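[1] Compute the structure for the input listed below.
(one chain, ligands or ions: 2)
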Amino acid sequence: MKIALLAGDGIGSEIMAQAIKVLEALRSDGLRIETEAAAVGGAGYDAARDPLPEGTLSIARAADAILFGAVGGPQYDTLPRAMRPEQGLLRLRKELSLFANLRPAVLYPELASASSLKPEIVAGLDIMILRELTGDIYFGQPRGRRETEGEREGFDTMKYRESEIRRIARVGFDTAMKRGRRLCSVDKANVLDTSILWREVVNEVARDFPQVELSHMYVDNAAMQLVRAPRQFDVIVTGNMFGDILSDEASMLTGSIGMLPSASLDAANKGMYEPIHGSAPDIAGKGVANPLATILSAAMMMRHTFDRADVADRIEGAVRQVLGQGLRTSDIWQDGMRRIGTVEMGDAVVSALAHR
Ligand code: IPM
Ligand code: MG
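    Ligands and ions are numbered 1, 2, ... in the order given. Here you go, the predicted structure:
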């Protein structure tokens, strides 16, 4: 298992260090794990004046999987767009054709009261958001700025080819088949031509998956339904832009953004795995960040790229065990629980792992 470690900025290196401890524990249990670290995001810019330095891209290409921390920080906010940390992430997705982004929103029973929604609305929540990641208005050309009738104008292009829609729709149906067999495709087909094609192609793919119950929903309604009755969803499949927004919304249903991992896969299940939270510059270096989303990202990596559901279950079980022991980082701390730091949390998971 060749794994590239791209810690990035802010809390990235602290949370990555904990996931590395977990990988090392698995290696001493006999998994053949090789790792190589490289700079990305603001750290890439600092090292090589490039948020995705050449060397980092080749390490990422050569690896079977990438574990990614987080990128961004206030010191980089004024750089030109091509130099900004986010570009490192977007270019990795595009260069490696990581078109399928899996963002689970799962409510841990131990953390049920962390949600801002009423417990009876979110109890047992388990949604998978599947976001297309390499197309749409994020990458569409033309884009830019120009002068129009004497004033500044900015423009971007939303577009999808049918092949792009078909391959993400297939992943959506496959994912639904492994879960509750319900797929909701989200678009804005009442307004956008891109979405009319999206809906058409999803319906075509549906013919190959008669066991999956397919529905379509406009994105504005989906945003509303996610807070009104989120458990109606099993798998949601949607484009890059809508998926960016809905996945943040869904993560908050669980109340603990510090807990949620994600996977970005290519057609051969090579993947980049990252916590869905950001670089949190405000708490960087303080030793208080929650490393569990990164550790759970390593679990997703075992499941999706290395086909080791057994190892993934073991890591996830260790995380549950630690929560069950009442150990909490500040972001998920509640009365009666023991507040611990980043390193202690990593240690607790490693020691729980030893007993599983
Ligand atoms: C995400 C982030 C990124 C995105 C940013 C950092 C470019 O918000 O992964 O959801 O918009 O895709
Ligand atoms: Mg986002």
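
[2] Just the pLDDT at Gly112, thanks.
    Actually, residue 112 is Ala rather than Gly. Per-residue pLDDT puts Ala112 at 81.

[3] In the stretch 101-250 of the chain, what residue lies closest to ligand 1?
    Asp244 (4.6 Å; Cβ to the nearest ligand atom). For every residue, glycine as well, the C-beta is placed using N, CA and C.

[4] repeat for the chain
    For the chain, Cβ to the nearest ligand atom, closest residue to ligand 1: Glu86, 3.9 Å.

[5] Around that residue, count how many other residues there are.
    Glu86 has 15 neighbouring residues, counting by other Cβ atoms under 10 Å.

[6] returning to that earlier point: can you tell me the closest non-neighbouring residue to the residue of the stretch 101-250 of the chain closest to ligand 1?
    Spatially, and ignoring its direct neighbours in sequence, Asp244 is nearest to Arg131 (6.9 Å; Cβ to Cβ, 6 or more residues apart in numbering).

[7] strands paired with the helix or strand hosting that neighbour, and their directions?
    Using DSSP states H and E, Arg131 sits in strand 126-132. Strand 126-132 has the following sheet partners, assigned by DSSP bridges: strand 100-106 (antiparallel), strand 235-238 (parallel).

[8] among the ones you listed, which is the most enclosed?
    strand 235-238 (a mean of 28; mean count of other Cβ atoms under 10 Å).

[9] which residues are in contact with that strand?
    127-132, 168-169, 171-172, 175-176, 179-180, 182-187, 202, 219, 222, 246, 250 (Cβ atoms under 8 Å, 6 or more residues apart in numbering).

[10] Now that we have those residues, which of them are buried?
    127-132, 168-169, 171-172, 175-176, 183-187, 202, 219, 222, 246, 250 (16 or more other Cβ atoms under 10 Å).

[11] which residue is nearest the centroid of this structure?
    Centroid-nearest residue in the chain, with Cα atoms, centre = their mean: Ser262, separated by 2.9 Å.

[12] got the contact list for that residue?
    Asn101, Leu102, Arg103, Pro104, Tyr273, Glu274, Pro275, Ile276, Ser297, Met300 are the contacts of Ser262 under Cβ under 8 Å, 6+ apart.

[13] switch the cut-off to 7 Å
    Ser262 makes contacts with Asn101, Leu102, Arg103, Glu274, Ile276, Ser297, as judged by Cβ atoms under 7 Å, 6 or more residues apart in numbering.

[14] residues from the stretch 151-300 of the chain in reach of ligand 1?
    With Cβ under 6 Å from any ligand atom as the criterion, the stretch 151-300 of the chain comes near ligand 1 at residues Asp244.

[15] picking up where we left off before, will you turn the strands paired with strand 126-132 into a markdown table that also has mean pLDDT?
    What follows is these, written out as a markdown table (pLDDT from 0 to 100):
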| stretch | mean pLDDT |
| --- | --- |
| strand 100-106 | 96 |
| strand 235-238 | 98 |
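
[16] Can you classify Ile295 by secondary structure?
    Under the three-state scheme (DSSP: H, G, I helix; E, B strand; the rest coil), Ile295 adopts helix.
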